[in-house]
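Enquirer: From the sequence below, what's the structure:
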Amino acid sequence: MGTVTGAQTTTDHRPIPRLSVAGLRPQNTGGPVHSSLARLIASGLADNRADLVKATGLARSTVTRHLDTMIDAGVVVEGGTVTRPGRGRPPLRLALNPRAGVVAVADVGAHSARLALADLSQRLVAQEEVTLDVARGPEATLDLLTERLRGMLAESAGAASLGSASAGSASVGADRLSACVVGLPGPVDARAGTPVRPPIMPGWDGFPVGRTLTERFGCRTFVDNDVNLMALGEARALPEDEAPLLFIKIGTGIGGGLISASGELHRGAEGAAGDIGHLRVPGADDTVCGCGNIGCVEAVASAAAMAARLAREDSGLAERDRPRGAADLARLVRDGHPGAVRVVREGAVTIGEVVALLVHVYNPARIVIGGAIAAASDDVLARIRGVVYRRALPLATRRLSLTQSVLGMSAGVVGGTVVGVEHVLSPEGIGEVLARST
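Expert: Okay, the predicted model is just below:
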């Protein structure tokens, strides 16, 4: 079913995204205190014991007791000194031990998936891409993801980045797996870990993706819409004043993810926030969408829709050049194929009309256009930007940035890493790490 491409152990050079410290309420009990201390250290807001006392407002003895527990368990390391102005002995520096746990991420698209393993410093220690077809159903897809993630854990088990002296067995890496995060190209009930009637994923409705992978890997699994993870990764890699942020992916479908002004993912009441692909566009009343409605922007201007239109309208296109998905259409655009360039430009104008409406609904500080089609040509961004600034009111656009992704195709993996690491540093997650280390 799948082919592995670009498998590699990697040294990660991307910007380290911010971790959230919102809602810290330290108490004199283990889990919340351990979580608060770990999150403050990981975020860089406190790098020594005195700073932790000041940031938490807890007694020095309380901070010392709980911090020593984490140091003894190997979750936090202390060494080196922190440079401070003035006299006196400099304090010892605290840091989260990146080897205390591993997060597995699967950013799944319609025809491929990006897989990654990240340590607790959010550094990617291994990543690869596999080809697949989500239309074959959840069992076949999850079997492939499970096989490859187990293979990556086995291959990474002996690497120095995971703290092992030899290649050893897969159990070394698996024992360190603290969270698994999966992004899927369709609506997801994140609380249940299940897709909900995803238009391009036949057979996936209600399938227990989260429960299945939790049983296979023995750790908590988080399942979300792929664009939500992209939006989170993008927002956390940017300065805080770039939020609220709206991420729009132009792929086989069209999806959106919304990040609030505080930097948190906004899912809405049932997880449906940002599902913009099924907004209706004028003049498309004869176009039926995979969701069953008519005139959806996804049915008109997604990569799949544009590729199908090109194949219908360009009779001179050689059979070998007929696009079968976003990657093929992006290749034709990069090669300057006139028909491909035309349909993508026209699709971008349609998307721009929808984005102009969203500017008034969300009033974001930044809109990011992602996906293979957006990366293939500056035309896409330029056409969308032109429509937005022409149609939206000045108050909503005077400080608006409309750009391509700074993380590119890695945005989903980065967002998944943030979700996984923040779980590990939560009261529940840090308790599991400490229990495993004792």
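Enquirer: Kindly list the longest helix within the chain.
Expert: Ranked by number of residues, the top helix in the chain under DSSP state H is helix 338-362.
Enquirer: Can you give me the buried ones in that one?
Expert: 339-341, 343-345, 347-348, 350-356, 358-359, 362 (16 or more other CB atoms under 10 Å). From N, CA and C alone the C-beta is placed, and that goes for glycine too.
Enquirer: What helices and strands are in contact with that helix?
Expert: If contacts are counted by 3 or more CB pairs under 8 Å, 6 or more residues apart in numbering; DSSP states H and E, helix 338-362 sits against strand 245-250, strand 254-259, helix 297-301, helix 303-313, helix 326-334, strand 366-370, helix 378-391, helix 394-397.
Enquirer: Now do it against strand 366-370, angle only.
Expert: Helix 338-362 and strand 366-370 are oriented at 150 degrees to each other (axes from the mean of the first three to the mean of the last three CA atoms, to 10 degrees).
Enquirer: Begin at 57 from now on, thanks
Expert: Got it, the first residue is 57 from now on, which makes the last one we talked about helix 394-418.
Enquirer: on that earlier part again, tabulate the helices and strands packed on helix 394-418 in JSON lines, adding columns for distance to Gln460, mean neighbour count and mean pLDDT.
Expert: JSON lines is the format used below for the helices and strands packed on helix 394-418 (distance: least, CB to CB, whole Å; neighbours: other CB atoms under 10 Å; pLDDT from 0 to 100):
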{"stretch": "strand 301-306", "distance to Gln460": "11", "mean neighbour count": "28", "mean pLDDT": "96"}
{"stretch": "strand 310-315", "distance to Gln460": "15", "mean neighbour count": "28", "mean pLDDT": "96"}
{"stretch": "helix 353-357", "distance to Gln460": "17", "mean neighbour count": "26", "mean pLDDT": "94"}
{"stretch": "helix 359-369", "distance to Gln460": "16", "mean neighbour count": "20", "mean pLDDT": "90"}
{"stretch": "helix 382-390", "distance to Gln460": "13", "mean neighbour count": "21", "mean pLDDT": "90"}
{"stretch": "strand 422-426", "distance to Gln460": "6", "mean neighbour count": "25", "mean pLDDT": "96"}
{"stretch": "helix 434-447", "distance to Gln460": "6", "mean neighbour count": "17", "mean pLDDT": "94"}
{"stretch": "helix 450-453", "distance to Gln460": "18", "mean neighbour count": "13", "mean pLDDT": "94"}
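Enquirer: Of all these, which one is nearest Leu321?
Expert: Among the helices and strands packed on helix 394-418, the nearest to Leu321 by CB to CB is strand 310-315 (6.1 Å).
Enquirer: in its sheet, what does the helix or strand just after that closest one sit against?
Expert: Sequence order places strand 321-322 as the next helix or strand after strand 310-315, per DSSP states H and E. Here strand 321-322 is paired, per DSSP bridges, with strand 310-315 (antiparallel).
Enquirer: from the chain's centre, how far out does the partner strand sit?
Expert: 11 Å (CA atoms, centre = their mean, to the nearest Å).
Enquirer: angle of that strand against helix 359-369?
Expert: Here strand 310-315 runs at an angle of 160 degrees relative to helix 359-369 (the same axes, to 10 degrees).
Enquirer: Provide the contact partners of strand 310-315 at residue level.
Expert: The contact list for strand 310-315 (CB atoms under 8 Å, 6 or more residues apart in numbering) reads 241, 281-288, 290-291, 299-305, 321-322, 329-333, 353-354, 357-358, 407, 414, 418, 420.
Enquirer: Could you rerun that using 6 Å?
Expert: With CB atoms under 6 Å, 6 or more residues apart in numbering as the test, strand 310-315 has contacts from 283-284, 286-287, 291, 299, 301-305, 322, 329-330, 332-333, 353-354, 358.
Enquirer: and what of stretch 439-448?
Expert: Arg401, Ala404, Val405, Ile407, Gly408, Glu409, Val411, Ala412, Val415, Thr453, Leu458.
Enquirer: now Leu302, nearest residue through space, not along the chain?
Expert: Nearest residue to Leu302, sequence neighbours excluded (CB to CB, 6 or more residues apart in numbering): Pro420, at 4.4 Å.
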